[in-house]
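Q: have a look at this prediction, sequence included:
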Amino acid sequence: MSHHSRDIAALQLPVYIIGAGGIVNTAHLPAYQLAGFKVQAICDLDPVKAMSTAERFSIPKVFHSAAEMLQQLPANAIVDMAVPGPAMIPLLNQLPDGCSVLLQKPMGDDIQAAKEILAICRRKQLKAAVNFQLRYAPFILEVKKMMAGGRLGMINDIEINVNVYTPWHLWDFLMTSPRVEILYHSIHYIDLVRHLLGNPASVYAKTTRHASMPALASVRSNIILDYGEMIRANILTNHCHNYGTPKQQSYIKIEGEKGAVLIRFGALINYPRGEADSFEYVVLEEGKTPEWKEAMIEGSWFPHAFIGTMEQVMQAAAGRITQADNSVEDCIYTMAAVEAAYRSSEQGGIRPDELI
């Protein structure tokens, strides 16, 4: 990964950032620094935020507004649009045609918005990608290497289980959002499962609220992604486990016919401080007792995964790949699966009382 990053940094494509919020300061910019990407300018609705972020990360130019920035955009610039869903569409319309852009996730607030974003990107021929960065976390890149090398065999089981306490109040805009948990959190896991297994045939889900967080829409979810008879893919999340950290956990378990991986990712435990990750794996060997081993993986989800999403946009912008792996053309399917989860939750299941 470090080789790639240096390779890309050598292209010197300038990055222009719209938005100087928390995620830009804690993830985008630290990741770009690690990778050696050249951030040339930033702007924010709050000029004080933009100024202090520019100072902290030595960004040469601060623009008063996105409009001003986009008027002075160099032809080879990459726009990092780190704004909430509703702000995205008007900004996309202002981008120069053919521009390279990394959009913040989610790709709009619902499937309608996602389709509108996709249509604008197609019409303006934007090289647009979405910041679904979990698929580029160092521990996932390691899994993909194992899969590519045939060490795990055919994958038949993926389980993502999150039992933590998330201080949702840190994000003001969530208080009024009709959709919370799946749209802003489990979306990463849906995207990851899609990335590893392809698109599911269907989605079953139930997403629920919690008495301790009455201001919020759903904060817990059970999601089943249907890949037919022989593959199980489950996402279980509870963000309301406010009983201290001893029983908090978050893991991704991937099982194949030849081996398995258990990733404990600590980003969400004791958030925003986080805890250490661990990567354990087992490869079955004929006539031997299965033996789990631990691998040391350098880097974590935050901020390292954010190198990967931007790296894809740069590769596409430089013509080294035809399309970013996380392009809007791919990510529309993540948005469709999210929409399916919400609709499944609303429709409910089969009623036993109607069967008697």
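A: Arrived safely.
Q: CA only for contacts and neighbour counts going forward, please
A: Noted.
Q: and Ala305, what is it in contact with?
A: Shown in contact with Ala305 (C-alpha atoms under 8 Å, 6 or more residues apart in numbering): Ala31, Gln133, Leu134, Arg135, Tyr136, Ala137, Pro138.
Q: do the same with Glu142
A: Going by C-alpha under 8 Å, 6+ apart, Glu142 touches Ile297.
Q: same question, Lys105
A: Pro84, Gly85, Val130, Asn131, Phe132, Tyr184.
Q: 6 Å - rerun?
A: Remark: with contacts taken as C-alpha atoms under 6 Å, 6 or more residues apart in numbering, Lys105 is in contact with Val130, Asn131.
Q: can you give me the strands in the stretch 51-200 of the chain?
A: Using DSSP state E, counting those that start in this stretch, the strands of the stretch 51-200 of the chain run over residues 61-62, 78-81, 100-103, 127-130, 155-163.
Q: go through the ones you listed and name the closest to Leu268.
A: Among the strands of the stretch 51-200 of the chain, the nearest to Leu268 by C-alpha to C-alpha is strand 155-163 (8.4 Å).
Q: what packs against the closest one?
A: Counting by 3 or more C-alpha pairs under 6 Å, 6 or more residues apart in numbering; DSSP states H and E, the packing neighbours recorded for strand 155-163 are strand 232-238, strand 249-256.
Q: angle of the shortest one against strand 249-256?
A: I take that to be strand 232-238. Put simply, strand 232-238 runs at 180 degrees to strand 249-256, going by axes from the mean of the first three to the mean of the last three C-alpha atoms, to 10 degrees.
Q: tell me where the stretch 101-250 of the chain has helices.
A: 111-123, 138-148, 181, 187-197 (DSSP state H, counting those that start in this stretch).
Q: quick one: the ones you listed as TSV, columns for distance to Pro74 too.
A: Output for the helices of the stretch 101-250 of the chain, formatted as TSV (distance: least, C-alpha to C-alpha, whole Å):
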stretch	distance to Pro74
helix 111-123	19
helix 138-148	32
helix 181	38
helix 187-197	32
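Q: which of those sits closest to Phe265?
A: Relative to Phe265, the nearest member of those by C-alpha to C-alpha is helix 138-148, separated by 8.8 Å.
Q: with only the CA atoms kept, save the closest one in PDB.
A: Extracted in PDB, the C-alpha atoms of helix 138-148 (Å, rounded to 0.1, in the frame of the first residue of the first chain):
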ATOM      1  CA  PRO A 138      -5.500  -2.300   6.000                       C
ATOM      2  CA  PHE A 139      -7.100  -5.300   7.700                       C
ATOM      3  CA  ILE A 140      -9.500  -5.700   4.700                       C
ATOM      4  CA  LEU A 141      -6.700  -5.300   2.200                       C
ATOM      5  CA  GLU A 142      -5.000  -8.200   4.000                       C
ATOM      6  CA  VAL A 143      -8.200 -10.400   3.700                       C
ATOM      7  CA  LYS A 144      -8.400  -9.600   0.000                       C
ATOM      8  CA  LYS A 145      -4.800 -10.700  -0.400                       C
ATOM      9  CA  MET A 146      -5.600 -14.000   1.400                       C
ATOM     10  CA  MET A 147      -8.700 -14.400  -0.800                       C
ATOM     11  CA  ALA A 148      -6.700 -13.700  -4.000                       C
END
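Q: now that we're looking at Met88, how far away is Ala82 from it?
A: Separation of Met88 from Ala82 (C-alpha to C-alpha, to the nearest Å): 9 Å.
Q: and those two? Which one has more around it.
A: Ranked by neighbour count (other C-alpha atoms under 10 Å), Met88 and Ala82 place Ala82 first, with 23 against 18.
Q: if I look at the residue lying closest to Thr237 once chain neighbours are set aside, how far off is Ile269?
A: Among residues not flanking Thr237 along the chain, Val162 sits closest, at 4.6 Å (C-alpha to C-alpha, 6 or more residues apart in numbering). Counting by C-alpha to C-alpha, the gap from Val162 to Ile269 is 9 Å.
Q: same check on Glu275?
A: Glu275 is 6 Å from Ile269, where distance means C-alpha to C-alpha.
Q: likewise for Ile120?
A: Distance of Ile120 to Ile269, given as C-alpha to C-alpha: 38 Å.
Q: and the two? Which one has more around it.
A: Neighbours were tallied for Ile120 and for Ile269 using other C-alpha under 10 Å; the higher tally belongs to Ile269 (22 against 16).
Q: wasn't the more buried one part of a helix?
A: No: Ile269: not assigned to a helix; according to DSSP: H, G, I helix; E, B strand; the rest coil it is coil.
Q: in JSON lines: the contacts of Ala305, plus neighbour count.
A: Below are these laid out as JSON lines (neighbours: other C-alpha atoms under 10 Å):
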{"residue": "Ala31", "neighbour count": "21"}
{"residue": "Gln133", "neighbour count": "23"}
{"residue": "Leu134", "neighbour count": "24"}
{"residue": "Arg135", "neighbour count": "25"}
{"residue": "Tyr136", "neighbour count": "23"}
{"residue": "Ala137", "neighbour count": "20"}
{"residue": "Pro138", "neighbour count": "20"}
